[in-house]
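# Please find the sequence and the predicted model below.
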There are 2 protein chains.
Amino acid sequence: MTDKPNAKRMDRVTIKDVARLAGVSDISVSRVMRNAPNISDGLREKVTLAADTLGYTPNRLAGALKARSSNLVAVIVPSMSNAVFPEVLDGIDSVLVQNGYQAALGITHYDKDRELQVVRDMLAWSPMGVILAGTDQDDRVRTLLERQAIPVVQMMDIDGAPIQVAVGMSHRKAAHIVAERLVAEGYRKFGYIGAWGERPDRSKLRRLSFEEKLTELGHPLTARLICNENSSVHIGARATKDILKRHPDLDCIFFANDDLAVGGYFHCTKSGVSVPRQLGIVGFNGIELGQALPDRLTSVRTPRFSMGKESASILLRCAQGEPVDQIYDLGFELLMEGTA
Amino acid sequence: MTDKPNAKRMDRVTIKDVARLAGVSDISVSRVMRNAPNISDGLREKVTLAADTLGYTPNRLAGALKARSSNLVAVIVPSMSNAVFPEVLDGIDSVLVQNGYQAALGITHYDKDRELQVVRDMLAWSPMGVILAGTDQDDRVRTLLERQAIPVVQMMDIDGAPIQVAVGMSHRKAAHIVAERLVAEGYRKFGYIGAWGERPDRSKLRRLSFEEKLTELGHPLTARLICNENSSVHIGARATKDILKRHPDLDCIFFANDDLAVGGYFHCTKSGVSVPRQLGIVGFNGIELGQALPDRLTSVRTPRFSMGKESASILLRCAQGEPVDQIYDLGFELLMEGTA
DNA sequence: ATGATGGTTGGTATCGTTGTCAATGGGGAC
DNA sequence: GTCCCCATTGACAACGATACCAACCATCAT
């Protein structure tokens, strides 16, 4: 006799207690709780009654251990400070909850080592699948995930090579279209403002693609300013001031995101720079704030909620063995509004 | 013989494999992996070597099942759309990760039934503890949590009666102080704008406390407008327009949060209402956006990151059996800036 | 009547780890 | 030298559920 002997721990109601009360076998209780097929109404009734009176809650740990798979879905994002991730998460959760799954959140803080650690920690729970942000994972993470026999969805961008499936939009294409349109609108002297040392990588990809297209169109980027601080309205304002001091002749600035762009806009209103006459301002993401500005912000609307929703849907489809494509392009929308 | 017979599933490296390779017993591997006390250096070395070469990852499901407790902490919030929760979450995660714990996220969408369901789902994983937002939980949730033998921390506000521990600030006190200060500044005709049907409940508490104090000071609230839509800059602008149409004589508006207040500010700049000369604008939360406005937004800075951080710290302290208080007041800061 | 069929239920072993107790061995006190 | 103690390691039996197989029973065709 090991553990606590016959001390009859009252603390947890198990499947056995339910089975005893209902006068059926353990396994039958298990089947009813899982909505397994081929169960008579009588049995189902007896079991649910007993379960309810005892207040039984299945122990997921035991179930998942034996079944070697849980209803957990690992969701790994780089940050919670960046507002796009909560939105994406909301989309993911909406689908998962509806299908009886649960999101387990991991935050990497843009750190590759941490990402590996987080993925490891998650896999220790035998999740049903993994959703992670970006296609720029470390090789260690890629191989680790490739070894698992579970679906893996990479969301946000589709420009890299996916491990299994990528769901998102092409940041490269978005940047190209922004460049083309701005040149078509007559802008010639372009500036670019980024922050947070260009994390995540796709913001860097956007900048590079923007520069590439501008060069191709014969109007190469005039000035570039990448701040080290995290993106914020304040930093956007400061950076705009700085870049204009060094390059007063700029006629358009493309910002890494809307927060920075709104900061740029505020700087202009405050210092008397007329937008968009003297300076065009273009953001990225199309968040609510930008569209609520006195002049609506010109930006690119990214499908954040949809990316989450679709990522989760596709993950579920994978889990059910349905065939899926390798890349899902959810597109984006260029919002030519009042600031450019 | 049941399950797959001798098919030698190669898919998972277990503690047994490590033990065999290291030439020690299973339990010793377990101890090393858990950093248990009284382990010789030789053993530790042998085991870690073997574990590394095999790429062993402990199976948390099995461990938690046997130990009847996991390194999971259930974190239950009403929403991800409201920017305060990602911030709080960040604070929580920062502490948990550092101590080897993992946050399991549940979103209730301000729905009491869903909250109960989420709590149930979480408890099925034998979490080490539970952190939830607000003190306004359903009785079903309260009794369910009281039955568990795990620490429970309620964060965000401390005005209600906590289940075990509440960490946050007094929204009642904040509202009182705002009212007192605004009256002291000379404002007399007050308006209040809320949204999202006053979810969560503490926003309602703030309004009621605000009204209470105003009445006490002899300048009862003149106008109140609670929108049904979720808070946003846009809604704030619209609501401000509406309330001013019905009550052009208002000289100060207190908003349920900064997003709404910024909307109000935009409406004023657009329609030529001078802030704060003609109209005082006061937000709540003290988010970055407000402080980056051309006129800094008058608001109340709430310790969002700290609330998360402290909640997690205190939960850990509870888990280690250390005594804790019932209420932790992290305070707030009244930011009298440019808009009132 | 007999066997086949298929829906329904039960028995047993096991998932991978850890709690409990027991065994071992070396060092210090007497 | 003997005894005791503590540090270290191991054996065994669980944790609570599910996979697999087997058994049962009624229905139906032969």
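Arrived safely, thanks for sending.

# for A:Met169, which residues make a bridge with it?
Judged by DSSP bridges, the bridge partners of A:Met169 are A:Asp157.

# need the contact list for it.
A:Met169 makes contacts with A:156-158, A:302-303, A:307, A:329-332, as judged by CB atoms under 8 Å, 6 or more residues apart in numbering or on different chains. In this view, the C-beta of every residue, glycine as well, is placed from N, C-alpha and C.

# quick check, nearest of these to DNA strand C?
Sorting the contacts of A:Met169 by how near they are to DNA strand C, with CB to the nearest atom of the strand, puts A:Met156 at the top with 32.6 Å.

# Give the burial count for that closest one, as a bare number.
By the criterion of other CB atoms under 10 Å in any protein chain shown, A:Met156 has 27 neighbours.

# Could you check which residue of the stretch 101-250 of chain A lies nearest DNA strand D?
A:Ser126 (12.1 Å).

# So that residue, which state does it fall into?
coil (DSSP: H, G, I helix; E, B strand; the rest coil).

# My guess is it contacts A:Asn71. True?
No. Look at A:Ser126 against A:Asn71 with CB atoms under 8 Å: they stay out of range, at 10.2 Å.

# which ones are touching A:Thr215?
A:Leu221.

# all helices for the stretch 51-200 of chain A, in order.
Shown for the stretch 51-200 of chain A, the helices assigned by DSSP state H, counting those that start in this stretch span residues A:60-67, A:84-98, A:112-123, A:139-147, A:171-184.

# most packed of those?
Across the helices of the stretch 51-200 of chain A, the average number of neighbours (mean count of other CB atoms under 10 Å in any protein chain shown) peaks for helix A:84-98, which reaches a mean of 22.

# angle of that one against helix B:84-98?
Interaxial angle of helix A:84-98 relative to helix B:84-98 (axes from the mean of the first three to the mean of the last three CA atoms, to 10 degrees): 90 degrees.

# Give me the contacts around helix A:84-98.
A:73, A:75, A:77-80, A:102-103, A:105, A:131, A:133, A:155-156, A:285, A:302, A:304-313, A:316, B:80-81, B:83, B:85-86, B:105, B:107.

# now the residue lying closest to A:Leu297 once chain neighbours are set aside, what's its secondary structure?
Leaving aside its chain neighbours, A:Leu297 sits nearest to A:Gly290 (3.3 Å; criterion: CB to CB, 6 or more residues apart in numbering or on different chains). Assigned by three-state DSSP, the conformation of A:Gly290 is helix.

# what about A:Gly290, distance to DNA strand D?
A:Gly290 sits 48 Å away from DNA strand D, going by CB to the nearest atom of the strand, to the nearest Å.

# was I right about that residue contacting A:Thr302?
No. Counting by CB under 8 Å, A:Gly290 stays clear of A:Thr302, with 12.0 Å between them.

# Tell me the pLDDT of A:Asn35.
The model reports A:Asn35 with a pLDDT of 89.

# Excluding covalently adjacent residues, which one is nearest to A:Glu115?
Leaving aside its sequence neighbours, A:Glu115 sits nearest to A:Thr108 (CB to CB, 6+ apart; 4.2 Å).

# What residues does the one you found make contact with?
With CB under 8 Å, 6+ apart, A:Thr108 has these contacts: A:76-79, A:114-115, A:118.

# Would you mind checking which of those residues is nearest to B:Val183?
Ranked by distance to B:Val183 (CB to CB), those are led by A:Ser79 at 41.1 Å.

# which one is the closest one nearest to, not counting chain neighbours?
Closest residue in space to A:Ser79, ignoring its immediate chain neighbours: A:Phe85 at 6.0 Å, by CB to CB, 6+ apart.

# ditto for A:Arg238
Leaving aside its sequence neighbours, A:Arg238 sits nearest to A:Gly263 (CB to CB, 6+ apart; 7.4 Å).

# same deal with A:Lys213?
A:Ala179 (3.8 Å).

# A:Arg304 too?
Per CB to CB, 6+ apart, closest to A:Arg304 is A:Glu87, 4.1 Å.

# so what's the one you found scoring on pLDDT?
At A:Glu87, the pLDDT value in this model is 95.

# ok, now how distant is it from A:Lys189?
The spacing between A:Glu87 and A:Lys189, counted by CB to CB, to the nearest Å, is 34 Å.

# How about the residues of chain A by DNA strand D?
Counting by CB under 7 Å from any atom of the strand, the residues of chain A lying close to DNA strand D are A:1-3, A:9, A:12, A:14-16, A:26-27, A:30, A:33-34, A:56, A:58-59, A:62-63, A:65-67.

# near chain B too, which of the residues you listed?
Contacts with chain B within the residues of chain A next to DNA strand D, counted by CB under 8 Å from any CB of the partner chain: A:12, A:58-59, A:62, A:65.

# tell me, how many neighbours does A:Ile27 end up with?
Around A:Ile27 there are 11 other residues, counting by other CB under 10 Å.

# what sits up against the host helix or strand of it?
Using DSSP states H and E, A:Ile27 falls within helix A:26-33. Residues outside helix A:26-33 that contact it (CB under 8 Å, 6+ apart): A:15-16, A:18-19, A:22, A:36, A:39, A:43-44, A:47-48, A:50-51, A:58.

# tell me which of the residues you listed is nearest to chain B?
Nearest to chain B among the contacts of helix A:26-33, counting by CB to the nearest CB, is A:Pro58 at 6.1 Å.

# how much space between the closest residue in space to that closest one that isn't next to it in sequence and B:Arg147?
In this structure, A:Pro58 finds its nearest non-sequential neighbour in A:Met33, 5.4 Å apart by CB to CB, 6+ apart. Using CB to CB, A:Met33 is found at 20 Å from B:Arg147.

# Report the contact partners of the residue of the stretch 201-340 of chain A found nearest DNA strand C.
Per CB to the nearest atom of the strand, A:Ala319 is where the stretch 201-340 of chain A lies closest to DNA strand C, at 19.7 Å. Taking CB under 8 Å, 6+ apart, we find A:Ala319 in contact with A:128-129, A:150-151.
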